[in-house]
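Engineer: any chance you could fold what I've pasted below:
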Amino acid sequence: MFDIGVEQLMGRGVPGGRSKGVAGDREGILAGLKQGAYEKMTQERETQDGGVKPPLQGESAGESAASGRGTFYLETFGCQMNEHDSEKVAGVLLARGYRQVESVDEAGGVLYNTWSIREQAARKVFSRLGEFRPDLVRAREEERSLQGLKPDITCDRMSDLKVRPPKDERTQESPSLAGGEESGAGARSQVPVGDSHRDPSTRDARSGRAPSSAGRIIGVLGCVAQQEGERIFTRAPWVSLVCGSASYRKLPQMIAELEAGNRRVTGLETDTDETFETEVTRRDNPWRAYLTIIEGCDKACSYCVVPFTRGPERSRRSASILEEVRKLADAGYTEVQLLGQTVNSYADPSARKMRFSDLLVAVAEVRGIRRVRFTTSHPRDFGKDIVEAIEAVPGICEHVHLPVQSGSTKVLRAMARTYTRDEYLEKIAMMRAAKREISITSDIIVGFPGEREKDFEETLSLLDAAQYDGAFSFKYSPRPNTPALKMEDEIPEEEKSRRLAILMERQREIQRAHNERLVGKTFEVMVEGKSRREQQWSGHTSSNKVMNFTSREEESLGDYVQVRVVSTTPNSLVGEVVG
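Structural biologist: Below is the predicted model of the structure:
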């Protein structure tokens, strides 16, 4: 795969992480600014509520105000919308007095925000859950007992304390989850104990220690939760909470029910607007903010689980969106990114009936907002009005992510993509003819059932015609509850891999040629990272190009600088600050 990365396509930073070759003080700065911004929002909300946090369902105001409610660990898989959903989850829990920790070992509650678009992502989640299997937990405790060590002490509430195991604790071979993707239903693997079978993959990634499920709340959130529902309890009986994205506002009440003695709780609604109006969102980036403006999808592509996991399309009121953008600008944010599975299908439910292109312009006109991004667009609803908005308003970033999925009209029909190859290329030609040069990226699937060599060749020729600035390419993987699951004529895995390698190399050469033409040009770049190497920085252009650059000055993260391109790679630009 290309090392362009989802975070580079979307222009986001990963909290606590660093891009390849980029390091520095970002984590510390983020931590300080996040906490300050969060505390300010929480104080404002409490003031509006008369200085008292609203009590959870089933508890008194006195209990709600009690400090040290508990700790939670939150791990996020998948797409940018999931990253933003995790900001909402963390904000809701922090606002209720919970404290987020950096390792499973420290947490009274372990939450996995999941993604199920690709089979491997879902499998990884169940692998994580398998680490909490009771027989493995017992085996670890027996081993500790044989070593003369005290057992782990975990209590029933997220707020209770636990005794951490020593750092030299030994672990077992990584398990397959009972009933998981690779094991038969109800299967159990024998896991011997001892140094010869130690596998670091069973350890918590941050703490290096094997997790325990004893007394903990183990929760599955997001797409896998919605997709599998209560079947997760059968597959992993130690899981106590299953919650889809539309129910995140109810998490505190759900956790309170578990702490009160309920064994299992679920929140699996999909057709609700509550997903937009989360009380407090904990922002993970102090300069770029994400806003979901449309949730769900009505397109019903034959390979896609989104309509099932996210529900039907629901759009947020334009007034609510603009109000939040103004608050973000007042808080110092200069860039916002509008999110949706099909973001350009936005349909304002209010009396204003604002079109998506009108919303882009309105957001860009908010004082203090310098850049407006949006993703992901669906070709069916991509019209000239969006291109005209990008042409007319400099604050709307000149980057469009427009997934094509295949270059063959036959395969597109089998995918139920609602457009032909020629109709898609008309959208590309419309953007290429714009007064502003627009960067275009895409998604492509190879090996869809029935894809012949001729169909694959048409996809390769579409790469040549579209001249993408970047592309995410994937091997088709069948997903539950999708029509494609029943399609015949499946492509062998080795053939999928062959086609993927060919497609990626073709796109790599296109990107190489594209970027080389930019040498000598100057772009505005938001400073987003500092390298360990002296005078080395990184950021994104307005067209979403990754720029690694040198500067003799001590740049400030979040500022904008002019950078001239001096060299390139297929996935990034290399430059130096000018002026």
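
Engineer: any weak-confidence spans in the stretch 151-300 of the chain?
Structural biologist: 151-215, 270-281 (pLDDT under 70).

Engineer: buried sites along stretch 370-387?
Structural biologist: Neighbour counts over stretch 370-387 (16 or more other C-beta atoms under 10 Å) mark 370-382, 386-387 as buried. C-beta here means a position set from N, CA and C on the backbone, and glycine is covered the same way.

Engineer: also stretch 357-365?
Structural biologist: 357-364.

Engineer: chain neighbours aside, what residue packs nearest to residue 439?
Structural biologist: Leaving aside its sequence neighbours, residue 439 sits nearest to residue 543 (C-beta to C-beta, 6 or more residues apart in numbering; 3.9 Å).

Engineer: residue contacts, that neighbour?
Structural biologist: Residues near residue 543 by C-beta atoms under 8 Å, 6 or more residues apart in numbering: 397-399, 437-439, 469, 523.

Engineer: could you dump these to JSON lines with pLDDT?
Structural biologist: Supplementary listing: the contacts of residue 543 in JSON lines, determined by pLDDT from 0 to 100:
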{"residue": "397", "pLDDT": "98"}
{"residue": "398", "pLDDT": "98"}
{"residue": "399", "pLDDT": "98"}
{"residue": "437", "pLDDT": "97"}
{"residue": "438", "pLDDT": "98"}
{"residue": "439", "pLDDT": "98"}
{"residue": "469", "pLDDT": "98"}
{"residue": "523", "pLDDT": "98"}
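
Engineer: farthest pair within those?
Structural biologist: Across those, the longest distance by C-beta to C-beta is 14.2 Å; it joins 438 and 523.

Engineer: point out where this structure drops to low pLDDT.
Structural biologist: Low-confidence segments of the chain, defined by pLDDT under 70, are located at 1-69, 117-118, 121, 136-138, 140-141, 144, 147-215, 270-281.

Engineer: and it, what are its domains?
Structural biologist: Domain assignment of the chain by automatic domain parsing yields the ranges 1-51+517-579, 52-267, 285-397, 424-515.

Engineer: CSV please, covering these and showing distance to residue 406.
Structural biologist: Shown next, in CSV, are those (distance: least, C-beta to C-beta, whole Å):
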stretch, distance to residue 406
domain 1-51+517-579, 18
domain 52-267, 16
domain 285-397, 10
domain 424-515, 6
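
Engineer: tell me which of these lies nearest to residue 404.
Structural biologist: Among the domains of the chain, if distance is taken as C-beta to C-beta, the winner is domain 424-515, at 5.0 Å.

Engineer: now do that closest one: distance from first to last residue.
Structural biologist: 24 Å (C-alpha to C-alpha, to the nearest Å).

Engineer: and for stretch 399-416?
Structural biologist: Terminal residues of stretch 399-416 lie 26 Å apart, using C-alpha to C-alpha.

Engineer: which of the residues in it are buried?
Structural biologist: Under the neighbour-count criterion of 16+ other C-beta under 10 Å, stretch 399-416 has 399-412, 414-415 buried.

Engineer: among those residues, which are in helices?
Structural biologist: Among the buried residues of stretch 399-416, the members falling in helices (DSSP state H) are 409-412, 414.

Engineer: now, which of the residues you listed sits nearest residue 229?
Structural biologist: Closest approach between these and residue 229, by C-beta to C-beta: residue 414, at 28.0 Å.

Engineer: need the contact list for the closest one.
Structural biologist: By C-beta under 8 Å, 6+ apart, the contact set of residue 414 is 302, 448-450, 484, 487.

Engineer: which of these ranks first by neighbour count?
Structural biologist: Using other C-beta atoms under 10 Å as the neighbour criterion, residue 448 leads the contacts of residue 414 with 25 neighbours.

Engineer: make sure it is actually in contact with residue 415.
Structural biologist: Yes - between residue 448 and residue 415 there is a contact at 6.4 Å, judged by C-beta atoms under 8 Å.

Engineer: format the CA atom coordinates belonging to stretch 547-560 as CSV.
Structural biologist: Taking Å, rounded to 0.1, in the frame of the first residue of the first chain, the C-alpha atoms of stretch 547-560 are listed here in CSV:
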residue,chain,number,x,y,z
MET,A,547,4.7,19.1,2.9
ASN,A,548,8.0,18.4,4.8
PHE,A,549,10.0,21.6,4.9
THR,A,550,13.0,23.4,6.5
SER,A,551,12.8,26.7,8.3
ARG,A,552,15.6,28.7,10.0
GLU,A,553,13.0,30.2,12.3
GLU,A,554,11.3,28.5,15.2
GLU,A,555,7.8,28.0,13.7
SER,A,556,4.7,27.8,15.9
LEU,A,557,2.4,24.8,15.4
GLY,A,558,-0.9,25.9,14.0
ASP,A,559,0.6,28.9,12.1
TYR,A,560,0.6,29.3,8.4
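
Engineer: return the distance of stretch 448-463 from the chain's centre.
Structural biologist: Between the centre of stretch 448-463 and the centre of its chain there are 29 Å (C-alpha atoms, centre = their mean, to the nearest Å).

Engineer: scratch that, stretch 229-236 is what I was asking about
Structural biologist: Chain-centre distance of stretch 229-236: 23 Å, with C-alpha atoms, centre = their mean.

Engineer: same check, this time on stretch 562-570
Structural biologist: 28 Å.

Engineer: same deal with stretch 530-549?
Structural biologist: Distance, stretch centre to chain centre, for stretch 530-549: 22 Å (C-alpha atoms, centre = their mean).

Engineer: need the phi and psi values for residue 101.
Structural biologist: Dihedral angles of residue 101 (phi, psi; degrees, to the nearest 10) stand at phi -120, psi 170.

Engineer: that one against residue 70, yeah?
Structural biologist: No - here residue 101 does not reach residue 70: they are 9.9 Å apart, not a contact under C-beta under 8 Å.

Engineer: settle it for me: which of these two has more neighbours?
Structural biologist: residue 70 (22 against 18).

Engineer: gap between that one and residue 216?
Structural biologist: Residue 70 sits 11 Å away from residue 216, going by C-beta to C-beta, to the nearest Å.

Engineer: give me the common contacts of those two.
Structural biologist: Common contacts of residue 70 and residue 216 (C-beta under 8 Å, 6+ apart): 108-109.

Engineer: shared neighbours of residue 448 and residue 415, anything?
Structural biologist: What both residue 448 and residue 415 touch, as defined by C-beta under 8 Å, 6+ apart, is the set 303, 406, 484.

Engineer: mind putting those residues in a markdown table, distance to residue 339 included?
Structural biologist: Below are those laid out as a markdown table (distance: C-beta to C-beta, whole Å):
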| residue | distance to residue 339 |
| --- | --- |
| 303 | 21 |
| 406 | 25 |
| 484 | 25 |
